[in-house]
Each structure stands twice: as C-alpha cells, then as structure tokens.
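>>> for reference, the sequence and a predicted model appear below.
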Amino acid sequence: MRSEETDMTDKENGPAKESGEPVADERVSAEEAEERREPAAPEEDELERLKRRLAYLAAEFDNFRKRAAREHEAIVSFGNERILLAILPFLDNLERALSQAEGAGAADAFVSGVRMTYEQLVAELRKFGLEQIDAVGKVFDPNLHEAIARVATDEEAENTVKDEARKGYLLNGRLLRPAQVTVAHGGRAGDAPPESGQGSADGAA
C-alpha cells in the first residue's frame, strides 16, 4: 500500500524534478524578460507637438507684425501721393506765369508776388516729402528724366540735359513724376558728361 502512494507522489513531483528548475523560477524569468524588453515607439508627444505649434504661430505673428509695420510706414510716407500729383499742375502754371511775366517785362511787384507764392507752396509741400529733381546740366537719367527731344548742339556734352520742359519730383526719395527734358546731341568733341553711367536718351523724339 505504501509503495503505491510513494509511486503516485513521485509521478506528481517528477516533471518538476526532471526539468531541473522550479516552476516559480520560470515565472520570475518571464517577468524579468518582460521588464527588459524595450517599449514600442510611442506616438508624438502631445506637449512637444503643442510647443512646436506655438513656436510656429509666434514666428507667423512676428512676420505679420513686421509686414504691418512696413505697410504702415509706406502709408505714412506715400499716402499723400495722389493729392500731391493733383497739386503739381498748379505749380507748373505758377512756373509758366513767372517765366512769361519776366519775359514780358511785367511789373517787379507782380513777379515778386507770384514768385513768393510759388516758393511758399513748394516749401510747404517739402514738409510732406516732396522734392524737386535738379535736371538741367545733369547726365540724362531714364530713371528720373523723360526725354521729349534731342537737340544738336556743341555747347553741352553728349547726353546732357539741355533744357527742362516740365519739372520732375520725388516723394520721400521715390519718383513721383519724371522731369520732361531736352537732351544734347553731338556735343563738343572730347567732352565727357559731368556724371557717368546714367542711361541714354536714344529713341527720344
């Protein structure tokens, strides 16, 4: 009877003894392996994504602020362009009146009054950034001058502005209206223009 009980006990314990490792040890090894296993790559961290988004928005806002500042500066500098263009014909008429009055020998008081009005108006417009272009005697510059004729002469150097038919103006350094000019052609031999590299009046009427 005891022999059968002993055989049954041996059979129950047999697999554990034959393996050479307790069942508990196998369980511990599996847990350690699980801890050592590298975790799977996580999705993009939400906080980092928000930080990047915030940095992007901050850069966009800074660009918008700079662009708005430039546009505001342009409005301040050139916002009077239309009204100044409307006033320029009055300056032209005053200039013509002065020229005709002086040529006709008009009374000095009349000429003086017209000139004073003209100069006062020009001085006030300078406060808004208006600047007259000095053209006569300069090298023809297509960026500032509009050639209306070429005049054969041996008194001025080739490509030099000889006369001014209509004065040109700048507004805060930017061209508002080009000066209409006549340009010397066939100037004195060996003469060079007073300034260099300012374009040509070829093609003018």
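That came through fine.

>>> helices or strands up against the longest helix belonging to the chain?
The helix that spans the most residues within the chain, counting by DSSP state H, is helix 46-78. With contacts taken as 3 or more C-beta pairs under 8 Å, 6 or more residues apart in numbering; DSSP states H and E, helix 46-78 sits against no other helix or strand. Bear in mind the C-beta positions are built from the backbone N, C-alpha and C, glycine included.

>>> look at the closest residue to residue 184 other than its chain neighbours and say how many residues are nearby.
Spatial nearest neighbour of residue 184, chain neighbours left out: residue 156 (3.9 Å); criterion: C-beta to C-beta, 6 or more residues apart in numbering. A total of 21 residues lie near residue 156 under the criterion other C-beta atoms under 10 Å.

>>> the helix or strand where residue 180 lies packs against which elements?
Taking DSSP states H and E as the definition, one finds residue 180 inside strand 179-185. Secondary-structure packing of strand 179-185 (3+ C-beta pairs under 8 Å, 6+ apart): strand 145-152, strand 161-166.

>>> okay, those strands in JSON lines with mean neighbour count next?
Shown next, in JSON lines, are the helices and strands packed on strand 179-185 (neighbours: other C-beta atoms under 10 Å):
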{"stretch": "strand 145-152", "mean neighbour count": "17"}
{"stretch": "strand 161-166", "mean neighbour count": "18"}
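
>>> out of those, which gets nearest to residue 123?
Residue 123 sits nearest to strand 161-166 of all those, at 20.2 Å, using C-beta to C-beta.

>>> for this structure, give me the ranges with low pLDDT.
1-44, 76-77, 103-106, 187-205 (pLDDT under 70).

>>> that older thread, within the helices and strands, which one has the residue nearest to residue 184?
Using DSSP H and E, no helix or strand contains residue 156.

>>> would you mind putting the helices and strands packed on strand 179-185 into JSON lines with distance to residue 67 alongside?
Output for these, formatted as JSON lines (distance: least, C-beta to C-beta, whole Å):
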{"stretch": "strand 145-152", "distance to residue 67": "33"}
{"stretch": "strand 161-166", "distance to residue 67": "37"}
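
>>> which among these is found nearest to residue 137?
So among those, strand 161-166 is nearest, using C-beta to C-beta, at 6.5 Å.

>>> parallel or antiparallel, list what pairs with the closest one.
Note on strand 161-166: by DSSP bridges, its sheet partners are strand 179-185 (antiparallel).

>>> secondary structure class for residue 131?
Three-state call for residue 131 (DSSP: H, G, I helix; E, B strand; the rest coil): strand.

>>> perfect, that will be all.
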